[in-house]
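> here you go, sequence then predicted model.
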Amino acid sequence: MLIKMSEDMTENDITAESVYKQRRLFLQAGSALALLGSGLLSAAERPGVGRPLQGYQKTPWGKAETLTPYRDITSYNNFYEFSTDKEEPALLAKNLKTSPWDIVVEGEVERPGKYHLEDLVPMNKLEERIYRLRCVEAWSMVIPWIGIPLATVIKRLQPTSKAKYVEFTTLFDPKQMPNQNNRLLDWPYVEGLRMDEAMHPLTILAVGLYGEVMPNQNGAPVRLVVPWKYGFKNIKSIARIRFTEQQPVSAWMKASSREYGFYANVNPQVSHPRWSQAKERRIGEFRKRETLMFNGYGEQVAGLYTGMDLKRFF
Ligand code: MTE
């Protein structure tokens, strides 16, 4: 994320639209055939790569969107514990041990302790939510996540009246996550939400995508998905959840508080100090799109920030 992005492509760089559309149709037909050939394509969804998740509910979220291909979602990743390169996490995270997986719950909460993932995230209550992910680096994807509302988990843990924020921490294990041996960030990766953001019905803990268990490079076995915030809030491979009275300091705020704020709401009007946030490139498309306030989820979440100066609280 600290790497400068290239500027807008010029018209000359853009393939004529008809040529591009033909090429895309051809590519789409090719990958659909390959999936059909594998015999594993159920309802044109499961890529047949990971273990299928059963019996999750479909929800209306994002039904009208064109999904980003599974291959792009799982081969173009930000997972700095493994690499700052986009393609390498898919290879380097392959052997991350994600089962058994425990999550420590602590701080301002009535039911602290060490929980098995399955005890914290009831696998019989999973839902599919198709959400946009807008990275702060100005690319975006549309991903069919499988998970449960974070609110469901929080209610069971019973935060005390002092709990104003929730802090999440990624696993710290430099043997498995080799980049934790360098000083890129002050590891482990930490992120946080205000309690009302954490309890918002759009916020989920995701354990899968495209109908299958979460690929390691996407944050297995469990990650946060907050669709109206920049991608970096969506912390992967969560090993600790702490309820706090004070606002948590995230790993990116520690690295550069001028560039990365606590709220990190998608906001086309507030530029990153080194680049504009007004546009984005959907992975798989050439032409840039206008970035939408709150990533297009304003109707649901704008009320959380009434009266706040979003230039100051970026
Ligand atoms: N979580 C951890 N632990 N480490 C990371 O490097 N990268 C973040 C976020 N969560 C990151 C992380 C960033 S910058 C983005 S854009 C998203 O994960 C990318 O998620 P994806 O690879 O599933 O698309």
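That came through fine.
> ok, how many other residues are close to the residue of the stretch 151-300 of the chain found nearest the ligand?
Closest residue of the stretch 151-300 of the chain to the ligand, Cβ to the nearest ligand atom: residue 231 (2.5 Å). Any C-beta I mention is one placed from the backbone N, CA and C, and that applies to glycine too. By other Cβ atoms under 10 Å, the residues close to residue 231 number 21.
> tell me the SS of residue 235?
Assigned state for residue 235: coil (three-state reduction, DSSP: H, G, I helix; E, B strand; the rest coil).
> quick check: it touching residue 226?
No: using Cβ atoms under 8 Å, residue 235 makes no contact with residue 226, being 9.4 Å away.
> near the ligand, which residues of the stretch 1-150 of the chain are found?
1, 77-81, 133, 135 (Cβ under 6 Å from any ligand atom).
> let me have the residues you listed in JSON lines, extended by neighbour count and pLDDT.
As requested, these are exported to JSON lines (neighbours: other Cβ atoms under 10 Å; pLDDT from 0 to 100):
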{"residue": "1", "neighbour count": "19", "pLDDT": "70"}
{"residue": "77", "neighbour count": "23", "pLDDT": "98"}
{"residue": "78", "neighbour count": "20", "pLDDT": "98"}
{"residue": "79", "neighbour count": "25", "pLDDT": "98"}
{"residue": "80", "neighbour count": "23", "pLDDT": "98"}
{"residue": "81", "neighbour count": "25", "pLDDT": "98"}
{"residue": "133", "neighbour count": "22", "pLDDT": "98"}
{"residue": "135", "neighbour count": "20", "pLDDT": "98"}
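> looking at the residues you listed, which one is closest to residue 277?
residue 135 (10.5 Å; Cβ to Cβ).
> the closest one: what's it in contact with?
Applying Cβ atoms under 8 Å, 6 or more residues apart in numbering, we find residue 135 in contact with 78, 230-232.
> gap between it and residue 295?
11 Å (Cβ to Cβ, to the nearest Å).
> could you export the contacts of residue 135 as JSON lines, including distance to residue 87 and secondary structure?
Below are the contacts of residue 135 laid out as JSON lines (distance: Cβ to Cβ, whole Å; DSSP: H, G, I helix; E, B strand; the rest coil):
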{"residue": "78", "distance to residue 87": "11", "secondary structure": "coil"}
{"residue": "230", "distance to residue 87": "21", "secondary structure": "coil"}
{"residue": "231", "distance to residue 87": "17", "secondary structure": "helix"}
{"residue": "232", "distance to residue 87": "19", "secondary structure": "helix"}
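> roughly how far does the closest residue to residue 206 other than its chain neighbours sit from residue 202?
The shortest distance from residue 206 to any non-neighbouring residue, by Cβ to Cβ, 6 or more residues apart in numbering, is to residue 147 (3.5 Å). For residue 147, the distance to residue 202 (Cβ to Cβ) stands at 11 Å.
> cool, and residue 124?
Relative to residue 202, residue 124 is positioned 21 Å away (Cβ to Cβ).
> residue 118 too?
Distance from residue 118 to residue 202, by Cβ to Cβ: 24 Å.
> name the residue in those two with the higher neighbour count.
residue 202 (19 against 13).
> what's near enough to touch the more buried one?
Here residue 202 is in contact with 129, 131, 226-228, 297, 300-301 (criterion: Cβ under 8 Å, 6+ apart).
> rerun that using 10 Å as the cut-off
Residues near residue 202 by Cβ atoms under 10 Å, 6 or more residues apart in numbering: 61, 129, 131, 149-151, 225-228, 294, 297, 300-301.
> where along this structure do the strands fall?
For the chain, applying DSSP state E gives strands covering 57-58, 102-107, 113-116, 127-134, 139-149, 165-170, 190-194, 204-209, 212-213, 223-225, 238-244, 279-282, 289-290.
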